[in-house]
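Chemist: What shape does this take:
(one chain, ligands or ions: 1)
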Amino acid sequence: MDLGIRGRTAAVAAGSAGLGLGTVKALAAEGVRLAICGRDASKLQTAVDSVDGEIIAIEADLASPASAREFVEQAITSLGQLDILVTNAGGPPPGTFENTDLDAYQAAFDMNCRSMIEMCRTAIPAMRERGWGRVCAITSVGVKQPIEFLMASSVARAGLTSFLKITAREVAGDGVTVNSAQPGTHWTDRVAKIVPDRETAASSVPARITGDADDFGAAVAFLCSEQAKFITGTGLLIDGGQASGLLD
Ligand code: NAD
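Modeler: Numbers count the residues shown, from 1 in each chain. The predicted structure is shown next:
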């Protein structure tokens, strides 16, 4: 299926590994020109070298909303304009009510909520003017069903999800869609740091497998496609059946 986005431009935050890199691969395969960011220049270069396509690497620390804004500004300057924005970052460390202090909430809000908001604030106005844009935030199954050992992550992403919903409705009339892709358990560096092994990770997933970053990226690419123009304000669970709730 041709997603109808050949020649479009995209910024994928934290695109040097994991779910971000899976997304970069899927968009590059559709002929999208890309900018990606990360903190580590050599890791960024390895990612660029691993993907067949036109990709610019920009160093940025998404723990800082100002740095997140600069990433999008540089992406716009380098690519000429930005048609697609995929917001993403690392994940906050695990913690429960008992052992999550106030600073941990602040850090999670800065990286997983305020930096994401700032990237949207930087990219969306020009998309609206041109009458075409796609925004997809990589969040978590934790926004559907909070994860008790990822307190700060779950709390920060719930706030971001409200922002995305309100923004989606506000900009829908200008040809800009705003959605999120909500990963369950995918076997990436992030999950390998939290769960001892892949088998254990899969054991809590109804599908009895862990997710694959490239499959995840393909789903994000679809949300950024021409054909997805009528899909906005939604959160797509990609979780092998992990979330048990009925409501979106
Ligand atoms: P990952 O750790 O495999 O990759 C994250 C990427 O972000 C890496 O390239 C890393 O270098 C980069 N990064 C980390 N901190 C950064 C920072 N401050 N500034 C710039 N770049 C930074 O993680 P992942 O599994 O791909 O997860 C991506 C996001 O999805 C995370 O927020 C994670 O919490 C969330 N998530 C992942 C899963 C999963 O199963 N993998 C499930 C739920 C939510």
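
Chemist: if I look at the nearest residue to residue 172 once chain neighbours are set aside, how far off is residue 224?
Modeler: In space, and not counting its chain neighbours, residue 172 is closest to residue 232: 5.3 Å by CB to CB, 6 or more residues apart in numbering. C-beta here means a position set from N, CA and C on the backbone, and glycine is covered the same way. When CB to CB, to the nearest Å is applied, the distance between residue 232 and residue 224 equals 12 Å.

Chemist: out of these two, which sits in the more crowded spot?
Modeler: Between residue 232 and residue 224, residue 224 has the larger neighbour count (other CB atoms under 10 Å), namely 29 against 20.

Chemist: The nearest residue to the more buried one once chain neighbours are set aside: how many residues sit nearby?
Modeler: Excluding the flanking residues, the one nearest residue 224 by CB to CB, 6+ apart is residue 134, at 4.1 Å. Using other CB under 10 Å, residue 134 is surrounded by 28 other residues.

Chemist: ok, is the lowest-mean-pLDDT helix or strand in the chain in contact with the ligand or not?
Modeler: Across the helices and strands of the chain, mean confidence by mean pLDDT, DSSP states H and E is lowest for helix 189-194: a mean of 89. Yes: for helix 189-194, a contact with the ligand is found by CB under 6 Å from any ligand atom, at 189-191.

Chemist: next structured bit after that helix?
Modeler: helix 198-203 (DSSP states H and E).

Chemist: Now do the buried residues in that following helix.
Modeler: Neighbour-count burial for helix 198-203, counted by 16 or more other CB atoms under 10 Å, picks out 201-202.

Chemist: If you count contacts, what does the top strand by length along the chain end up packed against?
Modeler: The residue-count maximum for a strand in the chain (DSSP state E) belongs to strand 176-183. Contacts defined by 3 or more CB pairs under 8 Å, 6 or more residues apart in numbering; DSSP states H and E place strand 176-183 against helix 115-130, strand 133-138, helix 151-171, helix 213-223, strand 235-238.

Chemist: Now do that strand against helix 115-130, angle only.
Modeler: 150 degrees (axes from the mean of the first three to the mean of the last three CA atoms, to 10 degrees).

Chemist: quick one, which of the helices and strands packed on strand 176-183 is packed in tightest?
Modeler: Of the helices and strands packed on strand 176-183, the one with the most neighbours on average (mean count of other CB atoms under 10 Å) is strand 133-138, at a mean of 27.

Chemist: What are the contacting residues of it?
Modeler: Outside strand 133-138, the residues that touch it by CB atoms under 8 Å, 6 or more residues apart in numbering are 5, 19-20, 23, 83-88, 116, 120, 123-124, 127, 160, 164, 167, 171, 174-181, 183, 220, 223-225, 228.

Chemist: Of these, which fall within the contact range of the ligand?
Modeler: For the ligand, the contacts drawn from those by CB under 6 Å from any ligand atom are 19-20, 88, 183.

Chemist: Next, the contact list for residue 210, please.
Modeler: Per CB under 8 Å, 6+ apart, neighbours of residue 210: 185-187, 191, 198, 201-202, 240.

Chemist: What is the nearest of these to residue 29?
Modeler: Ranked by distance to residue 29 (CB to CB), the contacts of residue 210 are led by residue 186 at 18.9 Å.

Chemist: Nearest residue to the closest one in space, ignoring adjacent ones along the chain?
Modeler: Nearest non-adjacent residue to residue 186, counting by CB to CB, 6+ apart: residue 211, 3.6 Å away.

Chemist: hang on, isn't that neighbour packed against residue 182?
Modeler: No: the pair residue 211 / residue 182 is not scored as a contact, 11.0 Å apart, by CB atoms under 8 Å.
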